[in-house]
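A.B. asks: missing the sequence, but the structure's below:
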């Protein structure tokens, strides 16, 4: 019965409910007795594997779009809208971009064409959606108004395009134009036919992990310097004046992570100690003054952050606990979301859901949108405020 279910009914992406349905369907196809069919049904029931079981596991989030079945794609939000990639239920269909309202009202819109390419890494400011379309001949940077209309190709590259951001017609991204050339941050202003690249000052140097707000771009920089090797810093480029401000550090970073910028502050992840992946969550004023760590790299409360997203009220990081080789994989080791108030006074878990939490993006205020795997599928979910202490 189980063999028939595995070989004829199930796919690699099916979950518990589909497993139950497959086994019971296989039992009926094999004409098992009513007694044995009832035994199998009650066995599933006894373990809580019943239709809509995920509604009873205590999720504290609101679902915006279910069963995304995607990997390696960011989520975008802005101006009351979200944008995300989605495949079909089997995960075999190339990804397309959907967009919807962050308050959950209305129905999601199909933004990208279903043309056999993988449409990924969307960003939106509530007026326009911008994303990358990966095809066999390269990657196109595309845009389309949320109100509809034709899709516009902004730029093409032979390699991948990452970290897409959009605000008021300005588009920011990072890319490497060919093998052997480090990744660099670039921007397009309305009417530009070619991107302007942030100057790295050398072939070994790189810029990456940009954020965009109010006509200013924050990003991380890697600079090669003899004889000490690479130096790492965070900079803010003012597009209106063309000036660049280097953010002071509290130590000597051996690496920096994702940046975030608001109307008052710059945030970034700072790694200054060789350890198990802990990083500080650092903040500075836009002019580089007032540098402080909201979360220190060392200590009992140190996090292992890999991602960061900001609003005027809060900064949220994605943190995954370190684990010893061969240790059992437990819920507390999965990536979880931690939110800090912008002044650093408050800190708490965004959600107490038991699954992996990834691809998080701020939707303004304390609201966050992310991909949550608690139900056994990658669902786009949201919360309007942090849950606090999950115990």
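C.D. replies: Yes, it's here. None of these values were measured; they are calculated from a predicted model.

A.B. asks: pLDDT on stretch 219-228, on average?
C.D. replies: Across stretch 219-228, the average pLDDT comes to 90.

A.B. asks: go on, stretch 134-146?
C.D. replies: The average pLDDT within stretch 134-146 is 97.

A.B. asks: Give me the residues contacting it.
C.D. replies: 81, 99, 109, 111-112, 116-120, 124, 126-133, 150-161, 164, 166, 171, 173 (Cβ atoms under 8 Å, 6 or more residues apart in numbering). Every C-beta, even on glycine, is put in place using the N, C-alpha and C of the backbone.

A.B. asks: Then stretch 268-284?
C.D. replies: 218, 220, 234, 247-260, 265-267, 290-298, 302-305, 308, 315, 317, 322, 340, 342, 344.

A.B. asks: ok now do residue 330, which residues does it touch?
C.D. replies: With Cβ under 8 Å, 6+ apart, residue 330 has no contacts at all.

A.B. asks: I'd like to know how far it sits from residue 356.
C.D. replies: 12 Å (Cβ to Cβ, to the nearest Å).

A.B. asks: before we move on, back to that, which among the contacts of stretch 134-146 end up buried?
C.D. replies: 81, 99, 109, 111-112, 117-120, 124, 126, 128-133, 154-155, 157, 160-161, 164, 166, 171, 173 (16 or more other Cβ atoms under 10 Å).

A.B. asks: among those residues, which are in strands?
C.D. replies: If you go by DSSP state E, the buried ones among the contacts of stretch 134-146 have 81, 99, 109, 118-120, 124, 128-133, 154-155, 157, 161, 164, 166, 171, 173 in strands.

A.B. asks: Stretch 198-206 - what's its average pLDDT?
C.D. replies: 85.

A.B. asks: ditto for stretch 306-319
C.D. replies: Mean pLDDT, stretch 306-319: 97.

A.B. asks: Tell me how far that stretch lies from the chain's centre.
C.D. replies: Distance, stretch centre to chain centre, for stretch 306-319: 11 Å (Cα atoms, centre = their mean, to the nearest Å).

A.B. asks: now stretch 189-198
C.D. replies: The answer for stretch 189-198 is 25 Å, by Cα atoms, centre = their mean.

A.B. asks: buried ones in it?
C.D. replies: Here stretch 189-198 shows 195, 198 as buried, counting by 16+ other Cβ under 10 Å.

A.B. asks: And stretch 35-42, by the same measure?
C.D. replies: Residues of stretch 35-42 classed as buried: 37, 40 (neighbour count, 16+ other Cβ under 10 Å).

A.B. asks: Repeat that for stretch 377-384.
C.D. replies: Buried residues in stretch 377-384, defined by neighbour count with 16+ other Cβ under 10 Å: 377, 378, 379, 380, 381, 382, 383.

A.B. asks: so the fourth one bridges to which residues?
C.D. replies: Same thing as residue 380. residue 65, residue 371 (DSSP bridges).

A.B. asks: Just to check, it is in contact with residue 373?
C.D. replies: No: in this structure, residue 380 is not within contact of residue 373 by Cβ atoms under 8 Å, at 11.3 Å.

A.B. asks: Can you name the residues in contact with the least confident helix or strand in the chain by mean pLDDT?
C.D. replies: Within the chain, no helix or strand scores below helix 34-46, which has a mean of 73 by mean pLDDT, DSSP states H and E. By Cβ under 8 Å, 6+ apart, the residues outside helix 34-46 that reach it are 1, 20, 23, 24, 27, 28, 32, 50.

A.B. asks: Report the two of those residues separated the most.
C.D. replies: Greatest spatial distance in the contacts of helix 34-46: 32 and 50, 19.8 Å, computed using Cβ to Cβ.

A.B. asks: Isn't residue 376 up against residue 14?
C.D. replies: No: Residue 376 is beyond contact range of residue 14, at 9.1 Å (criterion: Cβ under 8 Å).

A.B. asks: Residue 310 and residue 340, how far apart?
C.D. replies: From residue 310 to residue 340 the distance is 10 Å (Cβ to Cβ).

A.B. asks: check contacts around residue 162.
C.D. replies: Here residue 162 is in contact with 121, 132, 173, 174, 175, 183, 208 (Cβ under 8 Å, 6+ apart).

A.B. asks: Grab the nearest non-local neighbour of the fifth one.
C.D. replies: Distances taken as Cβ to Cβ, 6 or more residues apart in numbering place residue 161 nearest to residue 175, at 4.9 Å, with adjacent residues excluded.

A.B. asks: Now do that neighbour against residue 64, distance only.
C.D. replies: As judged by Cβ to Cβ, residue 161 and residue 64 stand 25 Å apart.

A.B. asks: show me what contacts residue 212?
C.D. replies: 165, 166, 167, 170, 172, 218, 261.

A.B. asks: With residue 114 instead?
C.D. replies: Contacts of residue 114 (Cβ under 8 Å, 6+ apart): 93, 94, 96.

A.B. asks: rewinding a little: residue 310 and residue 340: which is more packed in?
C.D. replies: Higher neighbour count among residue 310 and residue 340: residue 310, with 25 against 21, using other Cβ atoms under 10 Å.

A.B. asks: Correct me if wrong: that one contacts residue 261.
C.D. replies: Yes: counting by Cβ under 8 Å, residue 261 is a contact partner of residue 310 at 7.0 Å.

A.B. asks: Overlap of the contact sets of those two?
C.D. replies: 211, 267.

A.B. asks: Give the residues shared as contacts by residue 310 and residue 340.
C.D. replies: What both residue 310 and residue 340 touch, as defined by Cβ under 8 Å, 6+ apart, is the set residue 316.

A.B. asks: okay, now the closest residue to residue 240 other than its chain neighbours: neighbour count?
C.D. replies: Spatial nearest neighbour of residue 240, chain neighbours left out: residue 215 (5.4 Å); criterion: Cβ to Cβ, 6+ apart. A count of nearby residues for residue 215, using other Cβ under 10 Å, gives 14.

A.B. asks: Need the pLDDT of residue 215.
C.D. replies: Residue-level pLDDT assigned to residue 215 equals 97.
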